[in-house]
Every structure is written in C-alpha cells, then in structure tokens.
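1. What follows is a predicted protein model with its sequence.
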2 protein chains.
Amino acid sequence: MIIDCHGHYTTAPGAHTAWREAQQAAFRDGRAAPAYPRISDDEIRESIEGSQLRLMRERGIDLTIFSPRASAMGHHFGDEQVSAAWTRACNDLVARVVRLFPDSFAGVCQLPQSAGVPIGNSIAELRRCVEELGFVGCNLNPDPSGGNWTSPPLTDPSWYPLYQAMVELDVPAMVHVSAVTNPNFHATGSHYLNADTTAFMQFLQSGLFQEFPGLRFVIPHGGGAVPFHWGRFRGLADMLGRPPLHESVLRNVFFDTCVYHQPGINLLFEVIGVDNLLFGSEMVGAVRGIDPLTGEYFDHTRRYVDNLRLSPADRQKVYEDNARRVYPRLITHPG
Amino acid sequence: MIIDCHGHYTTAPGAHTAWREAQQAAFRDGRAAPAYPRISDDEIRESIEGSQLRLMRERGIDLTIFSPRASAMGHHFGDEQVSAAWTRACNDLVARVVRLFPDSFAGVCQLPQSAGVPIGNSIAELRRCVEELGFVGCNLNPDPSGGNWTSPPLTDPSWYPLYQAMVELDVPAMVHVSAVTNPNFHATGSHYLNADTTAFMQFLQSGLFQEFPGLRFVIPHGGGAVPFHWGRFRGLADMLGRPPLHESVLRNVFFDTCVYHQPGINLLFEVIGVDNLLFGSEMVGAVRGIDPLTGEYFDHTRRYVDNLRLSPADRQKVYEDNARRVYPRLITHPG
C-alpha cells in the first residue's frame, strides 16, 4: 500500500471558493457573511475524480492524507470568527471527500488560527475533526500573520495547550504556512521552504521533545533547506551545546518527499534516512507542469523514490509504515 | 590558485567590537559616539595570522575575498548616520587587512544601508571602497530591517541606482543579510538560508537581468534551499511563464560552495554545474566545530570539493576562474 502524506484539496468546487471571497468581502464591508452554499456530492465527486484521484490512480497511490488547500487557509485575514467559519467550512468539505472516497482519503484539518489569538482556541476544532469527523492529524501554521512572523517560535510554551491535545488525541501536525502578504516572498517558491527551515531550526534549539516525548511533526517539502545543509545543522547543534539531531529532533520530526527532482530525492534519502521520511507529493499542488528533462510531472515524486531501488523493507517504511507510525489513527484505513 | 569568495572578518580586534557597543549605547542614550579607537597594525596582524590566515594556509587557500562580519552589519540598528559610521569603520578595517596581507586578501565592503533609507545613499561608500580602497565587490542586504523585510524585493526599481553603480564599477554583490531581531529566526541557522532562497525566487520572477545584463550577484550558502529544490524552481519558472533558469537567472547569479557536508556539495555540483559555482567556505564563520563523522572542520569545504575529482578545467573554474569572472577587479591579485 502506498500512502501519500501530503495532499491538499486544491480543486475544491467553485462555490466553496466563491463563498470565501464573499465572506472576505463581507468582512471588509462590515456585513455578515452570506450562508455557505449547498454543494452536491456530485460536485465533490467531479472535483476529485478528474484530478486528484485520477493522478493517484495513474501513479499507483492508494491513500492520500488530505487537507484543505494550504495557501487558502489565510489565517492572517479578518479576525478569529472569520478564520473559524472558513476553517470549519474547509474541514467539513474534506470530511465529505473522505466519506465519498473512504478507501482513497484520510482527513487532516486546518486549524482556526488567527494572528494574536491563543492557540488554545483551536483545540475545539481539532477535537471535532478528530473525534467526530475521523481525521488523523492537523496542519499547524507557525505564522498565522501571513509572513510577519508575529507569533512566538513553535517551541514557546504558549503553543503547549495544542501540543497537549495533540498528544492526548495521538495526532501529529504538519508544519505548514499559508499565503504570504509581503511581496518579498513567493508563497510556494520561498515562504513555504523558509518556514520549513525555520521550524526545524527552532526544534534544534529547544528541548521541546523532552517536554513532549509523544509529540510528532511532519516538516513538508523535504524539510526546506535542511537536508541540503545537514552538515550546517549538525554543526550548529554542536556549537549550541545541543544533543545530536537524531536524539533531539528526529525522534519526533519527520520530512515528506515533496522534492521535485531526482538529485534532491537522492540527497534526502542519503542524509535523513528512511526512518524519518514519509512519502508525499503535495499534489495537486505547487508545481503542476511536466519536466521537459524527463517528460513526467515534476510532482510525480513516486518516480524519484522508485528509482532509488530501496530494499523491500525500506520501501515499506517510506510508502506506508512511517505514515502509520506518525499518523496512528490511520488504523481506520487498513492496508 | 585557490580563491575563497566568502570570508568575513569575524576575528576583528576587540577594540573595534567594543567601539560598536559604545556607539550603540551612545545612540540609545542620545549622546554622540566616542571617537573610534586606535588599533595598531600588530593587533590586526595578530587577529588574522592566528585564525583566518592559519586556516587558509592549512587548507591551501591562496586568496580570500574578505568582508566585514555579516551578522554584525546590523543595518536595522539606530539610524542612517549610525550605520554609515559603523560601515566606514568596518570597511576601513578590512582595507587595512588587505594592505597588510595583499597577497592573501581582496576587500569586499558592507554598505551603509538603513531600513527605509534610499539605497542611492549607499553609492558613495561603494565608490570610496572600490575606487580608493581597491575593493572588488560589495555585500548587499536585501533586508536592512533585520528580519521584518520592509524593503521592496531586490528586483524593484528602487534598487536600480545601486545596480547602475555596480555595473559602472564592474563589481558584483553578494546577497547577504545580517542579524535578525525576530526570535522565530536563528541568524545562521534559518535567516541566512531563507534570505538566499528568497532572493533567488525574486530573481526568477523578474526580468531584472534584461534591464541589467551586466549585473552579477553571488547567492551564498550554496543558494539556500534552491539547489535541493531545483526541480521545484524549474517547475515554478515554467508555471510563471518565465524562461528557463539558465537563461533568465544563471547568466547573472552564482552560488558559493558554503555547504558543510559531502552530500550537499555533490548535489550542488550535479544540479547547478561548475560554471555557476564559486569556491567559498564562509570561514571563520557560521559553524566552527569539527564534524565527528569526518574528524575535519565542518567548514573545510575544500575537502568536499576536492573529493569530487573534477577535471582540471572544471576545478580551475570553481577555484579561480569563476571568481575572476564575477569579481573582475581581482586583476589586481594575479594568479
């Protein structure tokens, strides 16, 4: 069985996206948001079958851990109520996808974060998604301000209430930022990768996982710049008097394989090793085109991983077992 | 001949650093800064011979392109006058190193940037350093706010006055941020790498080098996350309707080899290729320790490059010729 740990519902029905625009316009005008539209099961089926599910079948991916579109989470926009209503709508839509295609999708929720609002206010939605909707994890935005980084680092105790709930529910978080409002940054070209690198360095500097031995994070996009600069990070850990990274960070932090060329995947596996890698593609997502050098989609990451010719045991870890270890609630999706 | 394109004067005499502290304290108190201290040639010799020059000799590096300590540029601190006075002191000190060790060092200046101040105000110091002190390039901080990214992207026309001067003087800039004030970021662990990735993506998105075909940048730290995610960037260029990266960016943008482990260097050379790589070590710098896996210094990047067993012609490019092409004023330092 092949599990893709990183898929976003980027092809949600137009009515869903249009409602978000209407909600934002209403907030700007000081009006109440309109009622959320009725979206039929057929509309949802159509939005999935022709894109995400077709690509999964073409690539031999059995199950995608599926969450709302990351760039559209937009935690910086509006206020707490706006974020909460949008988040609930997004999570409910993912839950409907999972109910319509239970063999192919497991749900991961976005959180109703809002800049300056305590993270504890996101716990109820996490509980609802896990306990009522059967979701297996959440996406945690380390920068709900949308590029201004006004929240404290992820290792600050102000985040602990969420971590306590995550440990209790036995769900991990993928560290995933959303849109960025500063023109210096391109969302998928720099902001995402920068956030991945930033989060890893925060974990390196702290003793967070001594406080929460059961806490688990997935850093997406192959860990940003981290594997490429693995020697730098090993050296910084040493300089800062921190334990080796395999002890202090890699028991709790995992990377996906969303790296869109063979040399990057080669390095990722060589440096990080199969025990900390979860297969992922981030499709349908950041880079949609076909690589002229290979004639294949850039985000067809299974091709790169298959080319490694891993041993059957290692292959099983990366394609399935690590995902089940990090997202244990996948037990509802037997292999 | 082996040229290291990326060295900072991190071992400057204590009196220099103490003056900076006094200058900052004076600014905070609304007083005039004290006079800059007298620093003897012997103090400078001592600060160089026992560290930078010793390591260069041990590693067989003939010439270092040498600039003031990057993390201490501190363009976010104080105001334009504070930055200008500190910058002048730093550049003058590097000039003294170059005069004392003319065979071993070539100067690169920091610029008197200050958040919100037009970059045109930095041109006089660039001219002074190049025309009077014989410097061969500059370090350009894309974020003089120290982590708030309040300046426009490097591709914005507001930066053009500096670019015009750089082209006229035929000097490149290394894109290099300084200290960061936001606790989410660690200077050398995330802020530097994030800035490298950010700058590359800005160049990718723009037609800057059509405007300035003669403009040249070095992105340090192996280009941040870029080579590891080269497929992502090639795909984004395609999605954004930009020309292939070798046409639109790599005629004008170069990476150094400050990547502190063998797998990273292997990927860098495989993906970027020898025509766009300048040997660099960033020493004495970000990571000072010895890698327990190799028994060698993490930042002994020559070891990694030598291990590649490049052809003599390719080796010559990376160790010398590319540096001379990007920094043509090195003609004053014959091989």
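-> Cool, the structure landed.
2. Every contact and neighbour count from this point should use C-alpha atoms.
-> OK.
3. How about chain A: which residue is closest to chain B?
-> Nearest residue of chain A to chain B: A:A225, at 4.1 Å (Cα to the nearest Cα).
4. Please identify the helix or strand for the nearest residue to that residue once chain neighbours are set aside.
-> Nearest non-adjacent residue to A:A225, counting by Cα to Cα, 6 or more residues apart in numbering or on different chains: B:A225, 4.1 Å away. Secondary structure assignment for B:A225, by DSSP states H and E: no helix or strand.
5. doesn't A:G224 make contact with B:A225?
-> Yes. Here B:A225 reaches A:G224: they are 6.3 Å apart, a contact under Cα atoms under 8 Å.
6. ok, those two, which is more surrounded?
-> Neighbour count, other Cα atoms under 10 Å in any protein chain shown: between B:A225 and A:G224, A:G224 has more, with 32 against 28.
7. give the contact list for A:V305.
-> Residues near A:V305 by Cα atoms under 8 Å, 6 or more residues apart in numbering or on different chains: A:I265.
8. Okay, it and B:G224: tell me how far apart.
-> Between A:V305 and B:G224 the computed distance is 23 Å (Cα to Cα, to the nearest Å).
9. ok so, going back, give the residues shared as contacts by B:A225 and A:G224.
-> A:L193.
10. sorry, back to before: mind checking how far the residue nearest to A:A225 is from B:N139?
-> 20 Å.
11. Check A:A313 too.
-> Between A:A313 and B:N139 the computed distance is 49 Å (Cα to Cα).
12. what about those two, which has more around it?
-> Per other Cα under 10 Å, whichever of A:A313 and B:N139 has more neighbours is B:N139, with 22 against 10.
13. got the contact list for the more buried one?
-> Residues counted as contacts of B:N139 (Cα under 8 Å, 6+ apart) are B:S67, B:V108, B:C109, B:Q110, B:L111, B:A173, B:M174, B:V175, B:H176.
14. ok, and the most crowded of the residues you listed?
-> Neighbour tally across these (other Cα under 10 Å): the maximum, 33 neighbours, falls on B:V108.
15. I figured that residue hits B:L133, correct?
-> No. Using Cα under 8 Å as the test, B:V108 is too far from B:L133 to be in contact (9.8 Å).
16. residues contacting A:S83?
-> Each residue near A:S83 by Cα under 8 Å, 6+ apart is listed here: A:G74, A:H75, A:F77, A:P112, A:Q113, A:S114.
17. follow-up on the earlier one: my read is that the residue of chain A closest to chain B contacts A:L193, right?
-> Yes. If you go by Cα under 8 Å, A:A225 and A:L193 touch, sitting 6.9 Å apart.
18. Give me the common contacts of the two.
-> Residues touching both A:A225 and A:L193 comprise B:A225, with contact defined as Cα under 8 Å, 6+ apart.
19. any idea which helix or strand carries the residue lying closest to A:F77 once chain neighbours are set aside?
-> The spatially closest residue to A:F77, leaving aside those adjacent along the chain, is A:S83, at 7.4 Å (Cα to Cα, 6+ apart). Taking DSSP H and E as the definition, one finds A:S83 inside helix A:80-100.
20. what about the next helix or strand after that helix, distance to the chain center?
-> Where DSSP H and E defines the elements, the next helix or strand beyond helix A:80-100 is strand A:105-110. Between the centre of strand A:105-110 and the centre of its chain there are 9 Å (Cα atoms, centre = their mean, to the nearest Å).
21. do the same with stretch A:229-244
-> 26 Å.
22. go on, stretch A:282-299?
-> The chain centre lies 19 Å from the centre of stretch A:282-299; the measure is Cα atoms, centre = their mean.
23. and it, how far apart are its ends?
-> End-to-end distance for stretch A:282-299: 7 Å, by Cα to Cα.
24. and A:L310, backbone torsions?
-> phi -70, psi 160 (degrees, to the nearest 10).
25. before we move on, what about the one 3 residues further on?
-> Reported as degrees, to the nearest 10, the phi and psi values for A:A313 are phi -70, psi -40.
26. what sits against it?
-> Contacts of A:A313 (Cα under 8 Å, 6+ apart): none.
27. And it, how far from A:V274?
-> Taking Cα to Cα as the measure, A:A313 falls 10 Å from A:V274.
28. and what of A:V284?
-> Noted for A:V284: a distance of 24 Å to A:V274, by Cα to Cα.
29. so where is the stretch 1-150 of chain A shaky, pLDDT-wise?
-> Counting by pLDDT under 70, the stretch 1-150 of chain A contains no low-confidence segment.
30. Write out the residues of it neighbouring chain B.
-> With Cα under 8 Å from any Cα of the partner chain as the criterion, the stretch 1-150 of chain A meets chain B at residues A:N148, A:W149.
31. Which stretches in the stretch 51-200 of chain A count as strands?
-> Assigned by DSSP state E, counting those that start in this stretch, the stretch 51-200 of chain A shows strands spanning A:63-68, A:105-110, A:137-140, A:173-175.
32. can those go into a markdown table with extra columns for distance to B:T301?
-> Listed next are those as a markdown table, based on distance: least, Cα to Cα, whole Å:
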| stretch | distance to B:T301 |
| --- | --- |
| strand A:63-68 | 40 |
| strand A:105-110 | 42 |
| strand A:137-140 | 36 |
| strand A:173-175 | 32 |
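33. Between these, which one is closest to A:F200.
-> Closest to A:F200 of those is strand A:173-175 (Cα to Cα; 9.7 Å).
34. my read: A:S47 touches A:T11, true?
-> Yes. A:S47 lies in contact with A:T11 (Cα under 8 Å); the separation is 5.8 Å.
35. what's A:T294 sitting at in phi/psi?
-> Dihedral pair for A:T294: phi -120, psi -20, per degrees, to the nearest 10.
36. correction: A:G224
-> phi 70, psi -120.
37. helix, strand or coil for A:V218?
-> strand (DSSP: H, G, I helix; E, B strand; the rest coil).
38. show me the contacts for the spatially most central residue of chain A.
-> Residue closest to the mean C-alpha point of chain A, counted by Cα atoms, centre = their mean, is A:M174 at 4.1 Å. For A:M174, the contacting residues are A:G137, A:C138, A:N139, A:L140, A:F217, A:V218, A:I219, A:P220, by Cα under 8 Å, 6+ apart.
39. For chain B, tell me whether stretch A:278-288 is touching it.
-> Yes. Stretch A:278-288 lies within reach of chain B by Cα under 8 Å from any Cα, at A:V287, A:R288.
40. near chain B, which residues of the stretch 201-335 of chain A?
-> Applying Cα under 8 Å from any Cα, we find that the stretch 201-335 of chain A lies next to chain B at A:201-202, A:224-233, A:235-236, A:238-239, A:259-261, A:263-264, A:267, A:270-271, A:287-291, A:298.
41. Restricted to helices, list the residues you listed.
-> Judged by DSSP state H, these include A:201-202, A:230-233, A:235-236, A:238-239, A:263-264, A:267, A:270-271 as members of helices.
42. Out of those, which comes closest to A:A25?
-> Distances from A:A25 to those, taken as Cα to Cα, are shortest for A:Q202 (36.2 Å).
43. Excluding chain neighbours, what is closest to A:H221?
-> A:C258 is the one closest to A:H221 (Cα to Cα, 6+ apart), at 4.6 Å.
44. Confirm for me that that neighbour is in contact with A:G224.
-> No. Using Cα under 8 Å, A:C258 is not in contact with A:G224, being 9.6 Å away.
45. And the contacts of the strand or helix carrying A:G7?
-> Using DSSP H and E, A:G7 sits in strand A:3-9. With contacts defined as Cα under 8 Å, 6+ apart, strand A:3-9 is touched by A:61-70, A:94, A:220, A:256, A:278-285, A:319-320, A:323.
46. Having no further points to raise, I will conclude here.
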